[in-house]
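> Return a 3D structure for these sequence lines:
(2 chains)
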Amino acid sequence: MVKHYIPNSAHKEEMLKEIGFSSIEELFADVPKGFIKDFNLPEGKSEYEVFLEMNEILGKNKTVLEMPSFLGAGTYFHYIPAHVKYLIERSEFLTSYTPYQAEISQGMLQALFEYQSLIAELVGLPVVNASMYDWGSAMAEAALMTVRLHRGKRKKFIVPKHTHPERMQVLKTYAKGPGVEVVTVNWNERGQLDLEDLKEKVKDAAGVYIEMPNFFGLLEEEIQAVGEIAHDAGAYFVVGVDPTILGIVEAPGELGADIVVGEASYFGNPMSFGGPRAGIFAVKNDPKLIRQMPGRLIGMTKDAEGKRAFVMTLQTREQHIRRAKATSNICSNEALVAVAAAIHIATLGPRGIRELGEIILKNTAYLKKRLKEVAELPFDGVNFKDVLVRFEKPYKEIHEHLLSKNIHGGYYVKPHFPELGEATLFAATETTRKEWVDALIEALKEVV
Amino acid sequence: MFRQAKWDEPLIFELSHPGRVGYTLPKPIEEVEVEIPEKLKRKSPLNLPEVSEPEVVKHYTRLSEMNYGVDSGIYPLGSCTMKYNPKINEELATHPKVSFIHPYQDERTVQGALKIMWELEQWLKEITGMDRFTLQPAAGANGEFTGVMIIKAYHLDRGETQRTEMLVPDSAHGTNPASAAMAGFKVIEIPSNENGTVDLEALENAVSERTAGLMLTNPNTLGIFEDEILEIAKIVHKAGGLLYYDGANLNAVLGKIRPGDMGFDIVHLNLHKTFSTPHGGGGPGAGPVGVKDFLKDYLPVPLVSYDEEKDMYYLDYNVPKSIGKVKELFGNFAVLVRALTYLKIMGRDGLKEVSEVAVLNANYLTQKLKGTRGYELPHKELRKHEVVFSAEPMRKETGVKALDVAKRLLDFGMHAPTIYFPLIVHEALMIEPTETATKEELDAYVEALKRISEEAYTNPEIVKSAPHNTAVRRVDDVLAAKKPIITWRMYRELKEKGEVDY
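Sure thing, here's the model as predicted:
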């Protein structure tokens, strides 16, 4: 049957004849008998039929546009300027592969160089790779990198107990390979990293990690002190950051970070049920660190005529050259997601980035103020996006009531941190509307 | 004659004009002052470009014009399976019902998303002959890591702590040894024989009670079918190891042959290759991993399951021996939507047509190019989805290398093959036309390679100095590595010191 994605479907016979074969079967003559069989799958359908079918399936999803949501906890509803999507959907970007042939791929190479450059300005470190899978994989690879930097003599990686649970799980999986020991540090009465506990555990650590803001949505105020404790103990300091905060909060590089990881997809990319995303990975300009970093790097150079050009560089760290001795196995990364992030950041510019941070800060403050009317706050501090509240009633009941009011409540924290009781995270961003928050509080008042 | 757009396009930073803005943000809900602690306040300058929306659009449009994609022309980059990406996939993947859903929503409000994942799994199970899939891995290499971690967990669970070695053929993708090493395995390389397939004797000698598994792609990176696969499976299984299928080359057997029937225990697929989702300049991809029944308790959490009684799809965290997570959340969902759309349109008959025509196209090209001066066809003649020629004779006779051939091809508006891979072929040119190339494109590609051969023997300089018709001329990658400039920040510093003139 001639297929519309397969032009030569219509020319099989003549092509076979031209190269001296009598049938397609002959091309599969090297396959042992019995392997070739008919699959138990439906017949193909027309594009229109599949369009209808997929639309019907997708129709069962209720989006945050149809149902106000206060979910955050690592995934946030940000609005993306329309031109960002329009630009990354240009098929020259969309349908290209890893730019192995630099001369014919300058557009993607320059766009990725710009991504690296924009992130460098935000995080305050000069060397940024072209993306990891997500924040979690970037953080896990950073942990492995700090162990490699100590040539395996130190195997301890310190993380706050209140690290995002998804990231913690990814870290623990990655840690099993080289046998990295993940050690957690407690939070204090303010929901921030307990410095005394850190000091006790930091000896012989390869790296110390902290998140900004932390899982409870709070700014870690002693971030610089954490870096100093890490460095005094001879450990590398790794900061995980939500980059949408970086217009108003100091760049982690300026606060002492040796490695910065984070989530780039908060810019330019929709939530899409949690993927695709793109992990930020940045390091200091130190050859020792650069040699050990994972991932693809785009560099500036010149062409045969002396004109500025871009190319994938320092590839001797990578799997296709170093094979078993590579710094990481990462090959396909999240290039297009990174380019979308770059376009969004460039669009916002310095003023937009600052404003975005300020608006989120203010919207979060409003949400927090109203939540205080109905729930207790286990920790107080400066919140960015997420606010942790504690109810007396089981949150499950509250959640059902909110759902019945067409409101999507928060992220239930208890399964990860039972010691916090009926704790739930509610989040705001620049997309949050006042009437949504007011409706939420009204509904909560009816049930708590 | 092909001419790529050639813009003297500055960096976005160099387009900056103070005061311009590219976007207007909404106002805050309420004007409240929130004080950020002094020691956390941003004090370092935010050196970002200030550009308006039209400038942003023009800048990235011009950059896109200096980029070559599958929609621009033939892209036979071996082992990367650069086939045409149907536009309907894109339309559905960027549907608001995909974009605007949060991963932590109540399951009752994302039944569509869960159904898509569940349905996709059913297709992949039948296509591979596996019993259960995780859709979580973000790319092929992430899938490989998942697979080898599952192998590790399986052996440890059985108390076989001595199984510390992973076998990998010398023709394997670089990600295989890298993934095995990341999982803590010692990598043992298995040589290929004169046919280009796994050397059985070497394999026999390599297996032992230390063997955790063998990672294999079939057909292999030479485009040759490992016809002794059952024997290979027997040797590995007898030694107590597991057989891992690298799905990078699945396009050659899609809809016809299943890894599960060949003795493989665990499989990763590259949705961005075989299932026609765009590669986006290097990602996002997706690398689902499928396993036979006896390994399903080790898969990453959560799995997507279906409750028949309630007619509800749900996220199943009850995976008793799970390796944990290899990526946040559930994977690259938008890529999964594209793959399912493609599968539904192709169906059983279409998938079979994919491998048949992909193999036909590869062999057509092989036969048409064979015998051209300067190119040699090592190993067996019959190929599957791709073919590896060697430009070694050309290099010896004219000094024109595989790299030069690749660069010259760009001048004709054709993407180069993969070069210098697999490592076992000197001056390798690895061509994979895929099923979406037309006969005319294949003929033109062969013509171009023949013309380059002629040029190599008559006017080698034109090949050695190629490309001539692309946005930039031959790029100096040695300089890039010697003097790394990774960001605008590094560039500015070097420029101030007068250390760069570009």
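> ok now do the residue nearest the centre of chain B, which residues does it touch?
The centre of chain B sits closest to B:Cys80, judged by CA atoms, centre = their mean, with a distance of 5.5 Å. B:Cys80 is in contact with A:Tyr97, A:Thr98, B:Lys273, B:His279, B:Thr418, B:Glu432, counting by CB atoms under 8 Å, 6 or more residues apart in numbering or on different chains. All C-beta atoms are positioned from the backbone trio N, CA, C, and that covers glycine.
> any idea how far B:Thr81 is from the closest residue to the first one other than its chain neighbours?
In space, A:Tyr97 comes closest to B:His279 once its chain neighbours are excluded; the distance is 4.6 Å by CB to CB, 6 or more residues apart in numbering or on different chains. The gap separating B:His279 from B:Thr81 is 9 Å, by CB to CB, to the nearest Å.
> Got the domain ranges for the chain?
No chain was given, so I picked chain A. Using the TED database, the domain parsing of chain A gives A:82-344, A:349-446.
> could you do chain B instead?
If you go by the TED database, chain B breaks into B:12-66, B:89-345, B:349-477.
> Could you dump those into a markdown table and include mean pLDDT, distance to A:Tyr5 and mean neighbour count?
Below are the domains of chain B laid out as a markdown table (pLDDT from 0 to 100; distance: least, CB to CB, whole Å; neighbours: other CB atoms under 10 Å in any protein chain shown):
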| stretch | mean pLDDT | distance to A:Tyr5 | mean neighbour count |
| --- | --- | --- | --- |
| domain B:12-66 | 97 | 23 | 17 |
| domain B:89-345 | 97 | 8 | 23 |
| domain B:349-477 | 97 | 6 | 21 |
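> Can you give me every residue that contacts the closest residue in space to B:Lys6 that isn't next to it in sequence?
Nearest non-adjacent residue to B:Lys6, counting by CB to CB, 6+ apart: B:Ala471, 5.0 Å away. By CB under 8 Å, 6+ apart, the residues touching B:Ala471 are A:Glu103, A:Ile104, A:Gln106, A:Gly107, B:Gln4, B:Ala5, B:Lys6, B:Trp7, B:Met66.
> out of those residues, which are buried?
Neighbour counting with 16 or more other CB atoms under 10 Å in any protein chain shown marks A:Glu103, A:Ile104, A:Gln106, A:Gly107, B:Gln4, B:Ala5, B:Trp7, B:Met66 as buried within the contacts of B:Ala471.
> what's the closest of those residues to A:Lys85?
Taking CB to CB as the measure, A:Lys85 lies nearest A:Gly107 of those, at 17.4 Å.
> That closest one reaches A:Leu94, doesn't it?
No - at 11.6 Å, A:Gly107 does not count as touching A:Leu94 under the criterion of CB atoms under 8 Å.
> Now for residue 365: which residues touch it?
Just so you know, I chose chain A. By CB under 8 Å, 6+ apart, the residues touching A:Ala365 are A:Asn383, B:Glu30, B:Val32, B:Val34.
> ah, I was thinking of chain B
Here B:Leu365 is in contact with B:Val387, B:Ile431, B:Pro433, B:Leu442, B:Tyr445, B:Val446 (CB under 8 Å, 6+ apart).
> Contacts only, for the closest residue in space to the second one that isn't next to it in sequence.
Right, the one you point to is B:Ile431. In this structure, B:Ile431 finds its nearest non-sequential neighbour in B:Pro417, 4.3 Å apart by CB to CB, 6+ apart. Neighbouring residues of B:Pro417 by CB under 8 Å, 6+ apart: B:Pro76, B:Leu77, B:Gly78, B:Ala406, B:Leu409, B:Leu429, B:Met430, B:Ile431, B:Glu432.
> how about a cut-off of 7 Å?
B:Pro76, B:Leu77, B:Gly78, B:Ala406, B:Leu429, B:Met430, B:Ile431 (CB atoms under 7 Å, 6 or more residues apart in numbering or on different chains).
> Next: B:Leu40.
Contacts of B:Leu40 by CB under 7 Å, 6+ apart are A:Leu219, A:Glu221, A:Ile223, A:Val249, A:Glu250.
> any idea how far A:Pro213 is from the residue nearest to the third one when sequence neighbours are not counted?
Computed as CB to CB, 6+ apart, the closest residue to A:Ile223 that is not its neighbour in sequence is A:Leu255, at 5.4 Å. Look at A:Leu255 and A:Pro213: by CB to CB, they are 14 Å apart.
> same deal with A:Pro270?
Taking CB to CB as the measure, A:Pro270 falls 22 Å from A:Pro213.
> which ones are touching B:Gly255?
Contact partners of B:Gly255, counting by CB under 7 Å, 6+ apart, are A:Phe39, B:Arg348, B:Leu351, B:Lys352, B:Val354, B:Ser355.
> what's the least confident helix or strand in chain A, going by average pLDDT?
Sorting the helices and strands of chain A by mean pLDDT, DSSP states H and E puts helix A:319-322 at the bottom, at a mean of 90.
> by contact count, what packs against the longest strand along chain A?
Identified as the longest strand of chain A according to DSSP state E is strand A:205-212. Here strand A:205-212 touches helix A:135-149, strand A:156-160, helix A:223-232, strand A:236-241, going by 3 or more CB pairs under 7 Å, 6 or more residues apart in numbering or on different chains; DSSP states H and E.
> touching chain B at all, the first one?
What it means is helix A:135-149. Yes - using CB under 7 Å from any CB of the partner chain, helix A:135-149 reaches chain B at A:Trp135, A:Gly136, A:Ser137.
> Go through the residues you listed and single out the one with the most neighbours.
A:Ser137 (33 neighbours; other CB atoms under 10 Å in any protein chain shown).
> In contact with the residue lying closest to it once chain neighbours are set aside, which residues?
Counting by CB to CB, 6+ apart, A:Ser137 lies nearest to A:Gly279, which is 5.5 Å off, once chain neighbours are set aside. For A:Gly279, the contacting residues are A:Ser131, A:Met132, A:Tyr133, A:Asp134, A:Trp135, A:Ser137, A:Ala138, A:Val261, A:Glu263, by CB under 7 Å, 6+ apart.
> Please, where are all the helices along the stretch 51-200 of chain A?
For the stretch 51-200 of chain A, applying DSSP state H, counting those that start in this stretch gives helices covering A:82-88, A:91-94, A:106-123, A:135-149, A:165-176, A:195-201.
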